[in-house]
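> From the sequence below, what's the structure:
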Amino acid sequence: MKTQDFTGWPPPLSKRRAGIRRKCAGINCFGLAHSPAARASGAASVLQSRQDSPPDLSSSGALGPGGVRRVSAQERRRTRVSRRLFLCALTAALLAGAGGFRAAAQTPQPAAPAQGADAQKAEKPKKEEAPKRAQKGDQNITAEQVAETVILVYGTRPMLQQIRRTGVERGRITRTGSDGVPQEITYERSFKRGDTFDKDKIRLSQRLPSLEYALIYSEGHVTGVLRGTPFTPKEEDVTTLLTERVHGLDSLLRYKESGATLKYNGKESQKGLDLWVLELTDKENHATRYYISSKTGRVLWLEYEEGAGRDAVKYKRTFHDYRVVQQTLVPYRTVLYAGDRQVEESQVLTVTYGVKMEDAVFTSEAAAAEQ
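Residues are numbered from 1 along each chain as shown. Below you'll find the model as predicted:
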């Protein structure tokens, strides 16, 4: 139902309560003419039932000059609320998108596979790890760990092989015989390391108050030279020379070269010292027990036995006054005991490693020429 035209501008505002008819909110906001008849006619036209068709606003007073539709204050409020809700939703969506993009940017990406030289480096097998060094409080110590710890403390295996390939040691020995009389000996010990422990060469020149001679160890044999003439040395001298090799520090430092076997006998405490007890047995079945400080990794003493049954004698060699010589550790003083009796004391005066030395030095002819 169409509303009546009205004359005059602006049209009078309607005094009816807004919201009587939701579809015609714009019509309710504007009244008709001021005359009672027009008001009655307008009221009759506004109060129509829901079954009526929506009003035609093209000729109604809801259009302003130029055909522009007039908007009510209620519609403006609804529009502002809708815009605010739309802006809030749009802002929330933008923030969520930005957060997702930032999280994706911070996610670590898997590294691309190496190519070329880098791939070859990555594929190289790992080097064999060195034996673990024994620690003082370790409860699961092995014999190899103890031995490798000692080698590391004395200068590492490569350092010992390189620096101690040749050497000359000079010093003084005091031996006490069965009669209790000490004997002073000045010595010079020259050595050349072989490809294996058995191929070492040693020359021990000794000067006594009334005698001077040399003992030469080569190819597993001991030869004596006295006043330029080779001779067969006494068994006591041969035993002394060989014992220092079989029951000495080098036997432990070079246990892999000699093919010796190791056994860890546990940990002991003596005179307030915590000790590792390591037993070494060479291919000739000679056994030596090394007592090693768990604090420093140094050999404090070693023990071995000579003879069998009732004739067996227990020997003990102690090591003192350790010094660093050309990046390796050397005991400058050693004492040998037979049972409870001191039988020998050695004092190193000078030692030099890496000396140029020919094989001719370890022949009886060369020794005879020098005497």
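
> and the gap between the residue nearest to Lys192 when sequence neighbours are not counted and Arg189?
Distances taken as CB to CB, 6 or more residues apart in numbering place Lys201 nearest to Lys192, at 4.5 Å, with adjacent residues excluded. Using the backbone N, CA and C atoms, a C-beta is placed for each residue, glycine as well. Distance of Lys201 to Arg189, computed by CB to CB, to the nearest Å: 12 Å.

> just Lys314 next, same as before
26 Å.

> Looking at those two, which is more packed in?
More neighbours surround Arg189 than the other of Lys314 and Arg189, with 19 against 13 (other CB atoms under 10 Å).

> Check which helix or strand that one maps to.
Counting by DSSP states H and E, the element that carries Arg189 is strand 182-192.

> Just grab the bridge partners of the residue lying closest to Leu226 once chain neighbours are set aside for me.
Nearest non-adjacent residue to Leu226, counting by CB to CB, 6+ apart: Tyr213, 4.4 Å away. Residues in a beta bridge with Tyr213, per DSSP bridges, are Gln206, Leu226.

> Strand partners (parallel or antiparallel) of the strand holding Arg189?
Here, using DSSP bridges, strand 182-192 pairs with strand 166-176 (antiparallel), strand 201-207 (antiparallel).

> got the contact list for it?
Residues outside strand 182-192 that contact it (CB atoms under 8 Å, 6 or more residues apart in numbering) are 165-177, 200-209, 355, 357, 359, 361-362.

> buried residues in it?
By neighbour count on 16 or more other CB atoms under 10 Å, the buried set for strand 182-192 is Ile185, Tyr187, Glu188, Arg189, Ser190, Phe191, Lys192.

> send the alpha carbons of that strand over as PDB?
What follows is strand 182-192, C-alpha atoms only, in PDB (Å, rounded to 0.1, in the frame of the first residue of the first chain):
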ATOM      1  CA  PRO A 182     129.700 -50.900  47.800                       C
ATOM      2  CA  GLN A 183     131.200 -50.500  44.400                       C
ATOM      3  CA  GLU A 184     131.100 -47.300  42.400                       C
ATOM      4  CA  ILE A 185     130.700 -47.600  38.600                       C
ATOM      5  CA  THR A 186     130.500 -44.900  36.000                       C
ATOM      6  CA  TYR A 187     128.500 -45.900  33.000                       C
ATOM      7  CA  GLU A 188     127.500 -44.700  29.500                       C
ATOM      8  CA  ARG A 189     124.500 -46.400  27.900                       C
ATOM      9  CA  SER A 190     123.900 -45.900  24.200                       C
ATOM     10  CA  PHE A 191     120.900 -47.400  22.500                       C
ATOM     11  CA  LYS A 192     119.100 -47.600  19.100                       C
END
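
> what is the rounded mean pLDDT of it?
Averaging pLDDT along strand 182-192 yields 95.

> Then stretch 232-246?
What stretch 232-246 shows for mean pLDDT is 92.

> cool, and stretch 259-271?
Per-residue scores along stretch 259-271 average to 94.

> Could I get the buried residue list for that stretch?
Per 16+ other CB under 10 Å, stretch 259-271 contains these buried residues: Ala260, Leu262, Tyr264, Lys267.

> closest to Arg83 among those?
Nearest to Arg83 among those: Lys267, at 85.2 Å, using CB to CB.

> quick one: what helix or strand has the closest residue to the closest one other than its chain neighbours in it?
Nearest non-adjacent residue to Lys267, counting by CB to CB, 6+ apart: Trp276, 6.0 Å away. Under the criterion of DSSP H and E, Trp276 resides in strand 273-281.

> average pLDDT across the helix or strand following that strand?
Remark: after strand 273-281, the chain's next helix or strand is strand 287-293, criterion DSSP H and E. Taken as a whole, strand 287-293 has a mean pLDDT of 97.

> between the strands paired with strand 182-192, which one is nearest to Val351?
Val351 sits nearest to strand 166-176 of all the strands paired with strand 182-192, at 4.5 Å, using CB to CB.

> And the closest one, what's buried?
Thr166, Gly167, Val168, Glu169, Gly171, Ile173, Arg175, Thr176.

> now those in JSON lines, with pLDDT and distance to Leu242?
Shown next, in JSON lines, are the buried residues of strand 166-176 (pLDDT from 0 to 100; distance: CB to CB, whole Å):
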{"residue": "Thr166", "pLDDT": "95", "distance to Leu242": "20"}
{"residue": "Gly167", "pLDDT": "96", "distance to Leu242": "19"}
{"residue": "Val168", "pLDDT": "97", "distance to Leu242": "20"}
{"residue": "Glu169", "pLDDT": "97", "distance to Leu242": "17"}
{"residue": "Gly171", "pLDDT": "98", "distance to Leu242": "19"}
{"residue": "Ile173", "pLDDT": "96", "distance to Leu242": "16"}
{"residue": "Arg175", "pLDDT": "93", "distance to Leu242": "16"}
{"residue": "Thr176", "pLDDT": "90", "distance to Leu242": "20"}
